[in-house]
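Participant: got a predicted structure here, sequence first:
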Amino acid sequence: MTTKNVLIVEDDSKIASIVAKVIDKFEEFEVVAIASTASDAIEVLNCLTPDLVFLDISLVKSSGLEVIEYIRQDLKDAQIDIVMLTAAKEVDILQKSISFGVFDYILKPIAFSRLNQSLQRYLEYTHKLENKDDLEQEDFDLFFGKAAGELKPKRSDVPPKGVDNITLDKVRAVISSNPDTAYTAEAMSECIGTSRTTARRYLEYLLSNNEVRADIEYGSVGRPERRYAFLAQEDR
């Protein structure tokens, strides 16, 4: 499978950076540009043709819908897929996005498991197109997001009691933003503003969900301490 070039259109530089790092964990994708405004995105699109665009709706002094319209009208012969990455929950925005044929719609705050799921589904989708001349019903079901269980989260994606998604995403953001750093529960608690016990509970959940790895380190008095670090996609 050829490498898929990705354009990220997002005016929050921190979010854009985190999304780029998650995407870069997949060897099949390469982030070729990040734009913070609709006009910047259109300039990039005039220079190169990405395979996939991650697009926010609410951009600085502009709307991501301008970018979609440009892609679908001015670049209508280009095969560019779009994933909305936005906090917009309005029905009319969703309807417009569907009418423009977006591949996926991911709400903020971003659940990293949901972003990974979208990337995996896109790879399956493109692999089918590149390797088949004729398609079966299950192939169409995959493309339209209706495969059995597709819209239901995997059991491991549902946090247990005592683990909320907001705090969980904070921990994920810290881990994914610093993939080469191993965190103790105490260090993580300082990063996300919780108790050490709470931080450990979230880190242990990510460990059970195969999103981080844990190494044992012995302190100066010999007491073992776990250090948690990002687990690359290919190792999961």
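Facilitator: Noted; the coordinates are in hand. What you see is a predicted model, and the numbers here were worked out from it, not measured in a lab. Residues are numbered from 1 along each chain as shown.
Participant: spatially central residue in the protein, please.
Facilitator: Residue closest to the average C-alpha location in the chain (Cα atoms, centre = their mean): Leu115, at 2.8 Å.
Participant: just give the closest residue to it, not the sequence neighbours.
Facilitator: Here the nearest residue to Leu115 in space, its sequence neighbours aside, is Val22; by Cβ to Cβ, 6 or more residues apart in numbering that works out to 5.7 Å. All C-beta atoms are positioned from the backbone trio N, CA, C, and that covers glycine.
Participant: against Lys108, how distant is Glu225?
Facilitator: Glu225 is 34 Å from Lys108, where distance means Cβ to Cβ, to the nearest Å.
Participant: neighbour count winner among those two?
Facilitator: Between Glu225 and Lys108, Lys108 has the larger neighbour count (other Cβ atoms under 10 Å), namely 16 against 12.
Participant: so how far is Tyr205 from the more buried one?
Facilitator: In terms of Cβ to Cβ, Lys108 sits 21 Å off from Tyr205.
Participant: same check, this time on Ser63
Facilitator: Distance of Ser63 to Tyr205, given as Cβ to Cβ: 37 Å.
Participant: ditto for Arg172
Facilitator: 10 Å.
Participant: those two - which one has more neighbours?
Facilitator: Legend: neighbour count by other Cβ under 10 Å for Arg172 and Tyr205, higher for Arg172 (23 against 18).
Participant: got the domain ranges for this structure?
Facilitator: Domain segmentation of the chain under automatic domain parsing yields 4-149, 165-235.
Participant: which one of the ones you listed lies closest to Pro159?
Facilitator: Proximity to Pro159 (Cβ to Cβ) singles out domain 165-235 among the domains of the chain, at 6.0 Å.
Participant: show me the shaky parts of this protein.
Facilitator: Counting by pLDDT under 70, the chain contains low-confidence ranges at 1, 139, 141-158, 217-224, 233-236.
Participant: where do the helices sit along it?
Facilitator: With DSSP state H, the ranges of helices along the chain come out as 13-24, 38-47, 64-69, 91-99, 112-131, 137-143, 165-177, 185-192, 196-208.
Participant: please identify the most buried of these.
Facilitator: helix 64-69 (a mean of 21; mean count of other Cβ atoms under 10 Å).
Participant: which elements pack onto that one?
Facilitator: helix 38-47, strand 52-55, strand 81-86, helix 91-99 (3 or more Cβ pairs under 8 Å, 6 or more residues apart in numbering; DSSP states H and E).
Participant: can I get these in TSV with distance to Leu168?
Facilitator: Below are the helices and strands packed on helix 64-69 laid out as TSV (distance: least, Cβ to Cβ, whole Å):
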stretch	distance to Leu168
helix 38-47	30
strand 52-55	21
strand 81-86	18
helix 91-99	25
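Participant: now the domains of the chain as JSON lines including distance to Pro159?
Facilitator: Output for the domains of the chain, formatted as JSON lines (distance: least, Cβ to Cβ, whole Å):
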{"stretch": "domain 4-149", "distance to Pro159": "10"}
{"stretch": "domain 165-235", "distance to Pro159": "6"}
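Participant: which non-adjacent residue is nearest Leu135?
Facilitator: Distances taken as Cβ to Cβ, 6+ apart place Lys128 nearest to Leu135, at 7.1 Å, with adjacent residues excluded.
Participant: let me fix that: Ile80
Facilitator: Of all residues not flanking Ile80 in the chain, Ile71 sits nearest, at 5.3 Å (Cβ to Cβ, 6+ apart).
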